[in-house]
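**Student:** sharing a model prediction with you, sequence too.
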Amino acid sequence: MRNRILALLLICVLIALPTITRELGEASLLALATRILIYGMAAASLNFILGYGGMVSFGHAAFFGIGAYVVGILATHHASGEPLFGIIPGTDQMLVTLPLAVLVAGAFAAAIGALSLRTGGVQFIMITLAFAQMLFFLFVSLKAYGGEDGIIISRTNALPGLNMRDKATFYYVVLAIAVLFFFGLRRLTQSSFGTVISGIRQNERRMAALGIPAYRYKLYAFILSGMGAGLAGALMANFLRFASPDMMHWTKSGELMIMVILGGVGTLFGPFLGAGAFLILETFLAEWSENWPFALGLILLVVVLGTRGGLQALIDRVTALVRGGAK
Amino acid sequence: MSVILSIEGLVKTFGGLIATDHVSLDVREGEIHALIGPNGAGKSTLINQLCGELTSDEGTIRLGGQDITGLKVPERVALGLGRTFQITSLLDELTVLENVGMAIQVREGGNFRIFDLARKRRAVWDEAAAFVAGSGLANRAAIRVADLSHGEKKQLELIVALAMKPRLLLLDEPMAGLGHVESQAMIGMLSETRKSAAMLLVEHDMEAVFALADRISVLVYGRIIASGTVDEIRNNPAVREAYLGAEDELC
């Protein structure tokens, strides 16, 4: 009940945000909020396999970047009028580009996951990292799509009946998708599949003895997670009107992982908190000093050591204290 | 009585060590076949070969007439093989009820569904509640496994295995570390179980073995040195020599 009120309150604030930022004359805050929502989805996708499934993927930016490039490549072909591979016409319709980005990211996740999941532990971390870097260098060398400069997307994908060039409209589209995404993810973690994947994280040997072939389940989780990251990447390409290899660089994978750890591994809302904290800190610390990563590192250290479970754990503990004090 | 598990000429070597040396034995429908032997005899290795965690170098394993030698653990489970672990291996973050529920949920299938609600699977939870209610852990249903005592975990191992409704149960030292009262309760549970599943029981506790077993096989240095009824084994000089050593009397 309490959670429901909080969720409703949060959604109200998020809906009112464009009006608030306009009144304050701080348009950049709306852009920051949009980025937080998008990165929140990417981090939450990673958290599904990392926190719920126990698979530490260090190459998740690959799927984020793939999603972005699907939007970018389709936009390039739409602009030039030449079909991709001579058959697939380009498009700037978001109703086409987003599902396609999700599917393509899912296909890449299936291929990478099928190979990576044959290993475990440190090897799994290294092999996912290696695949992501392979894709990074592939796109760096793809001169047809801008090489390391990336693709500039001349205009944001269109949605029928909406003026997507308007920042507030785009924000609302992202917000709607993020809310649907969040409730879908919540459902996923409570589903039959979600409980099995969490069982595999806790004790793979036990689950095998119950009759669960872990590989297939982990692969399915990996694909779903890749699809989520692909969706976030496609939205990011639309937001930045730009797709570049940097979006799949290993540092981006690291950022996603920091967001997950900062927010709370294996929690539903933690990655969104983590994305928020990370991007807000990045924005304001960068204004303060160009050596901002140093300060960020210190803060991360304090949060990880001090909260043992990220911001979500901190909030849980504070609310428990407040409730205890109220009694 | 028909044979449910039959092992022929099973071999497992680790480097130069022969852990399982041409072992042949069978377990019949409705029987408890005990496997005893001194420490290091290769009992756990054999159990792990049977459940599929270790691959065998030679020999065949048949479950209900079907060759399962090359199958993986989950495939064997699907054919009706259940096991308990010597060192308890459960889902520590979940409660007693949830552990049993997971076993039933997996048995029922449909676990690739991503938009249902696991806790709303009525059939699963009704059955899990019935299993727990009829067990010694009836008033511990909502306790997390991490907070259970050793004896309770041992019991839960067995309840979870039973919830899978196996045709054959491999029991790896279910009495290990239990006190006298807990052992008696476990013996009671196992003899109840006899009605629903055949069992291969690896156990050190001779009191339990003699109370439960229909037949006993003795494993020493990876080889079966004797196999027979309780009385035959009790009076077998080779068993006394190899297994009991200094002890004068079995039990």
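**Tutor:** Right, received. Where do you want to start?
**Student:** around chain A, which positions in chain B sit nearby?
**Tutor:** B:51, B:53, B:72-75, B:77-78, B:82-83, B:85, B:89-94, B:102-103, B:105-107, B:110-119, B:121, B:160, B:164 (C-beta under 8 Å from any C-beta of the partner chain). Backbone N, C-alpha and C define where each C-beta goes, glycine included.
**Student:** how about A:Leu185, nearest residue that isn't a chain neighbour?
**Tutor:** A:Ala44 (5.8 Å; C-beta to C-beta, 6 or more residues apart in numbering or on different chains).
**Student:** could you confirm A:Val56 falls within a strand?
**Tutor:** No. Assignment of A:Val56 by DSSP: H, G, I helix; E, B strand; the rest coil gives coil, placing it outside any strand.
**Student:** still on that earlier bit, residues near the residue nearest to A:Leu185, how many?
**Tutor:** 30 (other C-beta atoms under 10 Å in any protein chain shown).
**Student:** what about it, which helix or strand?
**Tutor:** helix A:27-47 (DSSP states H and E).
**Student:** next helix or strand past that helix?
**Tutor:** Later in the chain than helix A:27-47, the nearest helix or strand by DSSP H and E is helix A:61-80.
**Student:** okay, buried residues for that next one please.
**Tutor:** Neighbour-count burial for helix A:61-80 flags A:61-78 (criterion: 16 or more other C-beta atoms under 10 Å in any protein chain shown).
**Student:** with stretch A:115-131 instead?
**Tutor:** A:Ser116, A:Leu117, A:Phe124, A:Ile125, A:Ile127, A:Thr128, A:Leu129, A:Phe131.
**Student:** how about the fifth one, phi and psi?
**Tutor:** When quoted as degrees, to the nearest 10, the phi and psi of A:Ile127 stand at phi -70, psi -30.
**Student:** can you pull the contacts of it?
**Tutor:** A:Leu115, A:Ser116, A:Thr119 (C-beta atoms under 8 Å, 6 or more residues apart in numbering or on different chains).
**Student:** now do the same contact list for the nearest residue to A:Trp288 once chain neighbours are set aside.
**Tutor:** With C-beta to C-beta, 6+ apart as the criterion, A:Trp288 has its nearest non-adjacent residue at 7.7 Å, and that residue is A:Ala295. Residues near A:Ala295 by C-beta under 8 Å, 6+ apart: A:Leu281, A:Leu285, A:Trp288, A:Ser289.
**Student:** for PyMOL, write a command that selects the buried ones of the residues of chain B next to chain A.
**Tutor:** Selection of buried members from the residues of chain B next to chain A for PyMOL, criterion 16+ other C-beta under 10 Å:
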select buried, chain B and resi 51+53+73+74+77+82+83+85+89+90+91+92+93+94+102+103+105+106+107+111+114+116+118+121+160+164
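**Student:** restricted to helices, list the residues of chain B next to chain A.
**Tutor:** B:Cys51, B:Val73, B:Pro74, B:Glu75, B:Val77, B:Ala78, B:Met102, B:Ala103, B:Gln105, B:Val106, B:Arg107, B:Val160 (DSSP state H).
**Student:** with pLDDT added, can I get the residues you listed in CSV?
**Tutor:** What follows is these, written out as CSV (pLDDT from 0 to 100):
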residue, pLDDT
B:Cys51, 92
B:Val73, 94
B:Pro74, 93
B:Glu75, 94
B:Val77, 94
B:Ala78, 93
B:Met102, 95
B:Ala103, 95
B:Gln105, 95
B:Val106, 94
B:Arg107, 93
B:Val160, 95
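**Student:** residue contacts, B:Thr55?
**Tutor:** B:Thr55 touches B:Gln49, counting by C-beta under 8 Å, 6+ apart.
**Student:** could you check the pLDDT of it?
**Tutor:** You'll see B:Thr55 listed with a pLDDT of 92.
**Student:** what do you get for B:Tyr243?
**Tutor:** 65.
**Student:** swap in the one 3 residues further on?
**Tutor:** Reading off the per-residue confidence, B:Ala246 sits at a pLDDT of 47.
**Student:** tell me the pLDDT at B:Cys251?
**Tutor:** 45.
**Student:** ugh, typo on my part, it should be A:Ile38
**Tutor:** pLDDT, A:Ile38: 97.
**Student:** now do the contacts for the closest residue to A:Val70 other than its chain neighbours.
**Tutor:** In space, and not counting its chain neighbours, A:Val70 is closest to A:Ala101: 3.9 Å by C-beta to C-beta, 6+ apart. By C-beta under 8 Å, 6+ apart, the contact set of A:Ala101 is A:Ile66, A:Gly67, A:Ala68, A:Val70, A:Val71, A:Gly230, A:Leu231, A:Gly233, A:Ala234.
**Student:** quick one on the thing from earlier: dump the buried residues of stretch A:115-131 into JSON lines; add secondary structure and pLDDT as well.
**Tutor:** Conversion of those to JSON lines gives the following (DSSP: H, G, I helix; E, B strand; the rest coil; pLDDT from 0 to 100):
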{"residue": "A:Ser116", "secondary structure": "helix", "pLDDT": "96"}
{"residue": "A:Leu117", "secondary structure": "coil", "pLDDT": "95"}
{"residue": "A:Phe124", "secondary structure": "helix", "pLDDT": "95"}
{"residue": "A:Ile125", "secondary structure": "helix", "pLDDT": "95"}
{"residue": "A:Ile127", "secondary structure": "helix", "pLDDT": "96"}
{"residue": "A:Thr128", "secondary structure": "helix", "pLDDT": "96"}
{"residue": "A:Leu129", "secondary structure": "helix", "pLDDT": "96"}
{"residue": "A:Phe131", "secondary structure": "helix", "pLDDT": "96"}
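**Student:** mind putting those into CSV with distance to B:Val202?
**Tutor:** Output for the buried residues of stretch A:115-131, formatted as CSV (distance: C-beta to C-beta, whole Å):
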residue, distance to B:Val202
A:Ser116, 37
A:Leu117, 33
A:Phe124, 34
A:Ile125, 37
A:Ile127, 38
A:Thr128, 40
A:Leu129, 43
A:Phe131, 43
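**Student:** find the centremost residue of chain B, please.
**Tutor:** B:Leu171 (1.7 Å; C-alpha atoms, centre = their mean).
**Student:** residue boundaries of the helices in the stretch 151-300 of chain A?
**Tutor:** Taking DSSP state H, counting those that start in this stretch, the helices of the stretch 151-300 of chain A run over residues A:167-190, A:192-202, A:204-210, A:214-240, A:250-263, A:270-288, A:292-307.
**Student:** mind listing what's buried in stretch A:173-182?
**Tutor:** Residues of stretch A:173-182 classed as buried by neighbour count (16+ other C-beta under 10 Å): A:Val173, A:Val174, A:Leu175, A:Ile177, A:Ala178, A:Val179, A:Phe181, A:Phe182.
**Student:** need the contact list for the one residue in the stretch 201-327 of chain A that gets nearest to chain B.
**Tutor:** For the stretch 201-327 of chain A and chain B, the shortest gap (C-beta to the nearest C-beta) falls at A:Gly211, measuring 3.6 Å. Going by C-beta under 8 Å, 6+ apart, A:Gly211 touches B:Pro74, B:Val77, B:Ala78, B:Val106, B:Arg107, B:Met164.
**Student:** excluding its backbone neighbours, what's nearest it?
**Tutor:** B:Val77 (3.6 Å).
**Student:** ok, that neighbour touching A:Ala209?
**Tutor:** Yes. Counting by C-beta atoms under 8 Å, A:Ala209 is a contact partner of B:Val77 at 6.7 Å.
**Student:** centre of the chain to the lowest-mean-pLDDT helix or strand in chain A, how far?
**Tutor:** In chain A, no helix or strand scores lower on mean pLDDT, DSSP states H and E than helix A:310-326, which sits at a mean of 83. Distance, stretch centre to chain centre, for helix A:310-326: 26 Å (C-alpha atoms, centre = their mean, to the nearest Å).
**Student:** pull it out as CSV, backbone CA atoms only.
**Tutor:** The C-alpha trace of helix A:310-326 is given here as CSV (Å, rounded to 0.1, in the frame of the first residue of the first chain):
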residue,chain,number,x,y,z
GLY,A,310,23.4,0.3,-2.6
LEU,A,311,21.0,3.2,-2.4
GLN,A,312,17.9,0.9,-2.3
ALA,A,313,19.3,-0.7,0.9
LEU,A,314,20.0,2.7,2.3
ILE,A,315,16.5,3.9,1.6
ASP,A,316,15.0,0.7,3.1
ARG,A,317,17.0,1.2,6.3
VAL,A,318,16.1,4.9,6.6
THR,A,319,12.4,4.2,6.1
ALA,A,320,12.6,1.4,8.7
LEU,A,321,14.3,3.8,11.1
VAL,A,322,11.6,6.5,10.5
ARG,A,323,8.8,4.0,10.9
GLY,A,324,10.5,2.7,14.1
GLY,A,325,10.8,6.2,15.4
ALA,A,326,7.2,7.0,14.7
